[in-house]
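A.B. asks: got a predicted structure plus its sequence, pasted below:
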Amino acid sequence: MLPEVETWLRDRTTTSADWPVESLLAAKGGTRVSVVLPARDEAETVGEIVSAIRRDLLEAVPLVDELVVIDSRSTDDTAARAVEAGAKVFSQDEILPALAPMDGKGDVLWKSLAVTSGDLLVFIDADLREFGTDFVTGLLGPLLADPSVMYVKGCYDRPLREARGGGGRVTELVARPMLNLHWPLLAGFVQPLAGEYAGRREVLERVPFATGYGVELGLLIDLLEHAGLDALAQVDLGRRVHSHQSTEALGVMAGQIMHTAWTRLERQRKIVPLHTPATGLTQFRRGEGGHLPVGRDVAVPERPPMAGIPEYAASRLPGLLGHRSARP
């Protein structure tokens, strides 16, 4: 590990317990905070997460100003459950509708910038179980305490079938080796692909968002280039419990992360490309006739920095974009 990474790891890593609500309220002042949950078919968990944040951080104390769920083409009751629990709910395709539609979590996160008003945005995955609002307070802590911190990643243990630390397979097999090879300043991040993170609008609107599974890796690399290592921090949130994906799905995720990394290697002139990487991924399933090939597209389109989108300013005018009303 590089000496500057060792220093960063010591100085920029905290735990959620280091950030009690009372200290955050004292530091908040006039800063507006938006919490965003990207959600696709998460009816089973989204309501409990929204209810907890609303109860603990909007009603009990005025720490969070805005609680938003972006529904990413769900086929279940995700939107209804979120509204019932007290969130503002926007449909992904109703935000900036003049733009060509794209798929993926990164597109949802990017579009959330257009329908939120917070100076600080906290992103929380909607599939979490055993959720505690210390995830939100932990991520806000470094941002509220230190104006030089621009972006905060969560880290945690990820149990897999009750095996401590068994989750995060794509992190260990793809993302961590990739970062250590090409961006060793990011080697101190325990969970570089964590879905729980927070940042200042002023930097989030100035970097591109990969639209697929590469969004977390892309943001980390781009924000390092944009703001420098000392503007980044991480917070130990303890334990993260969620539903795990199949190995086949993780293969698609790995492919998208590799494409996202390739794009940034080119952009930052870290490689001299002699070919364009293929965007197809062939996987196999056993059928009656043996192993059958299944083709996947792992290309990762990007949304450009939101600050350069003409519709962005218009979308932030009060009342321009509707949402499904939360309960009073």
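C.D. replies: Alright, I've got the coordinates.
A.B. asks: what number of residues lie near the residue lying closest to Thr282 once chain neighbours are set aside?
C.D. replies: Leaving aside its chain neighbours, Thr282 sits nearest to Pro293 (5.3 Å; criterion: C-beta to C-beta, 6 or more residues apart in numbering). Where C-beta positions appear, they are placed from N, C-alpha and C, glycine not excepted. Other residues near Pro293 number 8, with proximity taken as other C-beta atoms under 10 Å.
A.B. asks: hey, where'd the strands end up in the stretch 151-300 of the chain?
C.D. replies: Along the stretch 151-300 of the chain, the segments classed as strands by DSSP state E, counting those that start in this stretch run 151-157, 197-200, 209-210, 232-239, 241-242, 280-287, 290-297.
A.B. asks: need the ones you listed in TSV with mean pLDDT and distance to Leu143, can you?
C.D. replies: Output for the strands of the stretch 151-300 of the chain, formatted as TSV (pLDDT from 0 to 100; distance: least, C-beta to C-beta, whole Å):
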stretch	mean pLDDT	distance to Leu143
strand 151-157	95	6
strand 197-200	98	6
strand 209-210	98	19
strand 232-239	96	8
strand 241-242	65	24
strand 280-287	94	37
strand 290-297	94	36
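A.B. asks: distance to Gly118 added to the ones you listed, as CSV?
C.D. replies: Converted to CSV, the strands of the stretch 151-300 of the chain look like this (distance: least, C-beta to C-beta, whole Å):
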stretch, distance to Gly118
strand 151-157, 14
strand 197-200, 10
strand 209-210, 17
strand 232-239, 18
strand 241-242, 24
strand 280-287, 37
strand 290-297, 34
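A.B. asks: Leu58 is nearest to which of the ones you listed?
C.D. replies: When the strands of the stretch 151-300 of the chain are ranked by distance to Leu58, counting by C-beta to C-beta, first place goes to strand 197-200 at 16.5 Å.
A.B. asks: quick one: list the elements packing against that closest one.
C.D. replies: With contacts taken as 3 or more C-beta pairs under 8 Å, 6 or more residues apart in numbering; DSSP states H and E, strand 197-200 sits against strand 120-123, helix 134-145, strand 151-157, helix 215-227.
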